[in-house]
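Colleague: Next one to model:
(2 chains)
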Protein chains: 2
Amino acid sequence: MAEPDYSRGAACIDGQFMPVGEARIPITDWGYRRSDVTYDVVGVWGGAFFRLDDHIRRFRASMQSLRMEPAESDDDIRAILTRCVQLSGLREAYVAMDCLRGRPLPGKPYHPVFARNYIAAYAIPWVWVASPEMQQRGAHLVVAKTPRIATESVDPTVKNFHWGDLTRGLFEAYDQGADFAVLPDADGNLTEGPGFNVFIVRDGAVATPDRGALEGVTRASVLELCAELGLPCAVRPVSMDEVREADEIFLTTTAGGIMPASRIDGRIMNNDRPGPVSARLRECFWQKRAEGWHATPIDYAAL
Amino acid sequence: MAEPDYSRGAACIDGQFMPVGEARIPITDWGYRRSDVTYDVVGVWGGAFFRLDDHIRRFRASMQSLRMEPAESDDDIRAILTRCVQLSGLREAYVAMDCLRGRPLPGKPYHPVFARNYIAAYAIPWVWVASPEMQQRGAHLVVAKTPRIATESVDPTVKNFHWGDLTRGLFEAYDQGADFAVLPDADGNLTEGPGFNVFIVRDGAVATPDRGALEGVTRASVLELCAELGLPCAVRPVSMDEVREADEIFLTTTAGGIMPASRIDGRIMNNDRPGPVSARLRECFWQKRAEGWHATPIDYAAL
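Modeller: Here you go, the predicted model:
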């Protein structure tokens, strides 16, 4: 038998390691069929995980919220993720971990409480949510007409694949020649966008929503950076009018770090370039990353 | 090589037929990873599809709503479903058809508009949403605290796997010793439950919501039956108070037909048995099914 080819990434499904191209979910699994699944994504940059423990802590909290109990401990999950990266040999990687509901065990009632939950994970070459070129010019945003799924129906702090509204927002953006949409809630406050948190800057003060959005790990990093740099930063309701009138807007995500925007609904901000506060935070973020901030180095030789 | 074993069902993924146990979705596919997928389910009973054209028509409308354009025509889809059933040899089957977003084509931007959409389908032995025993005693329902995802965020008439709220409702039911939950909308009106439409009966009059729910094919069949039997039936907003005070409640779904309930939030209806209107509709439904109503027979020998 030929050696497995991990050059495009490595995966682990329910305890079995394999090339990512072979990693598949049963079509009858409720993780797919009911989107009954939670996940997390941790980045690897320069051969080290960024805030690995924070991601695993959030992943565990998400599983508990959905009453999922896979066999794997947090240490097991850490070992699986590490091995996926080691197998792939990638120094810059997008590393996903999913916990799927599974299906009811044979002979048991047709109810999710009787399913065996399990872990799937993979490491693939780094994915930029916004390309480096887009980060230079600044992302072009629109305010979506589609409201984000309400917190009462699906808790956005439990990371999930309920992206119907976010995908609709992406089509709204595409139809207007923009890159991304940011979504309001039913009260007209800012929530988040497809895969990222949103920050605004007005008169030098930074703000990001306190509700209706994932509590992002990069978002937390920005809050730390603001404190360190002495930038005023509030976590509070942010109205869509504030978004439309902001001096600067930037987006945060694992697969992209801090991504400045330069347009909102066609309005040009900062001479069509990333604004000074966004640029400063972004620069500081990557500099600290290069210095090993919150880094967990991977021993590639230990495979 | 051994002959494929289709005894547990047959599937077709993106043009390839296989036993259902081998049918899997790539872990990186947005159909899974963003639940960017629509689907439909048609029943086979006594060797014949029930309302096949209605299901395919709805499936096509759902794809169009999500701007999905798979290569397959409606006739192609009909042929795929038929072949899945033929391969399985099943006379009673649950037959699913999915259209997945896929992934952006190589070299294209990271946006769903650039993905190649494709069809997956499978036929497995008939699944009862409510077991025959449960249908005899009547289902035990609770009114969920979790509201259904709002129509403005995710259109419930486009059949989808955004089940986070429905799954939470199933856990609410389980914790109260009940079978299923029915979900309200944000205004306190009835929507639907996990995989079924809901009807109430009060003073001999039947009603089902006009919004916030899938336009079910079995629901449409009940509307036809009511007209035929001269039962007054309204499609209108139905408040949760009406649900709590109903004389009868019944649920409709492809994988179960007409399923009467006997309890709501612990209150016993009809001496803890299916009510007379529900029972009459259910009997009439299966009698007409046996007579070939809306049936498309399958030629199993034509394989």
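Colleague: ok, and the closest non-adjacent residue to residue A:297?
Modeller: Closest residue to residue A:297 apart from its sequence neighbours, by C-beta to C-beta, 6 or more residues apart in numbering or on different chains: residue A:48 at 4.5 Å. For every residue, glycine as well, the C-beta is placed using N, CA and C.
Colleague: Would you mind measuring from that neighbour to residue A:290?
Modeller: Counting by C-beta to C-beta, to the nearest Å, the gap from residue A:48 to residue A:290 is 10 Å.
Colleague: out of these two, which sits in the more crowded spot?
Modeller: More crowded of residue A:48 and residue A:290, by other C-beta atoms under 10 Å in any protein chain shown: residue A:48, with 18 against 11.
Colleague: correct me, but the more buried one touches residue A:299?
Modeller: No. Residue A:48 sits out of contact with residue A:299 when judged by C-beta atoms under 8 Å, with a separation of 10.5 Å.
Colleague: For the helix or strand of chain A with the lowest mean pLDDT, what is the distance to the chain centroid?
Modeller: In chain A, no helix or strand scores lower on mean pLDDT, DSSP states H and E than helix A:132-137, which sits at a mean of 91. The chain centre lies 19 Å from the centre of helix A:132-137; the measure is C-alpha atoms, centre = their mean, to the nearest Å.
Colleague: What residues sit buried inside that helix?
Modeller: A:134, A:135, A:137 (16 or more other C-beta atoms under 10 Å in any protein chain shown).
Colleague: Kindly report the same for stretch A:117-135.
Modeller: Neighbour-count burial for stretch A:117-135 flags A:117-124, A:126-130, A:134-135 (criterion: 16+ other C-beta under 10 Å).
Colleague: which among the residues you listed are in contact with chain B?
Modeller: When those are checked against chain B using C-beta under 8 Å from any C-beta of the partner chain, the ones in range are A:120, A:122, A:124, A:127, A:128, A:129.
Colleague: which two in the residues you listed are spaced the farthest apart?
Modeller: Between any two of those, the greatest separation by C-beta to C-beta is 23.1 Å, found for A:120 and A:128.
Colleague: what about stretch A:126-134, start to end distance?
Modeller: One end of stretch A:126-134 to the other measures 16 Å (C-alpha to C-alpha, to the nearest Å).
Colleague: Can you read off the pLDDT for the residue of chain A found nearest chain B?
Modeller: When scored by C-beta to the nearest C-beta, chain A has residue A:24 as its residue closest to chain B, at 3.2 Å. Residue A:24 is assigned a predicted lDDT (pLDDT) of 98.
Colleague: Which strand residues bridge it?
Modeller: Listed beta-bridge partners, residue A:24: residue B:26 (assigned using DSSP bridges).
Colleague: Count the neighbours of it for me.
Modeller: A count of neighbours around residue A:24, defined by other C-beta under 10 Å, yields 22.
Colleague: Can you dump the C-alpha atoms of stretch A:64-82 in PDB for me?
Modeller: Coordinates of each C-alpha in stretch A:64-82 appear next as PDB, following Å, rounded to 0.1, in the frame of the first residue of the first chain:
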ATOM      1  CA  GLN A  64     -21.400  21.100  27.300                       C
ATOM      2  CA  SER A  65     -24.000  23.700  26.300                       C
ATOM      3  CA  LEU A  66     -25.300  21.200  23.600                       C
ATOM      4  CA  ARG A  67     -25.100  18.300  26.100                       C
ATOM      5  CA  MET A  68     -22.400  16.500  24.000                       C
ATOM      6  CA  GLU A  69     -20.000  14.200  25.800                       C
ATOM      7  CA  PRO A  70     -17.400  12.700  23.400                       C
ATOM      8  CA  ALA A  71     -15.000  10.100  24.800                       C
ATOM      9  CA  GLU A  72     -12.000  12.500  24.400                       C
ATOM     10  CA  SER A  73     -10.600  14.600  27.200                       C
ATOM     11  CA  ASP A  74      -9.200  18.100  26.600                       C
ATOM     12  CA  ASP A  75      -5.700  16.500  26.600                       C
ATOM     13  CA  ASP A  76      -6.900  14.000  24.000                       C
ATOM     14  CA  ILE A  77      -8.200  16.800  21.800                       C
ATOM     15  CA  ARG A  78      -4.900  18.700  22.200                       C
ATOM     16  CA  ALA A  79      -3.000  15.500  21.200                       C
ATOM     17  CA  ILE A  80      -5.300  15.000  18.100                       C
ATOM     18  CA  LEU A  81      -4.900  18.600  16.900                       C
ATOM     19  CA  THR A  82      -1.100  18.400  17.400                       C
END
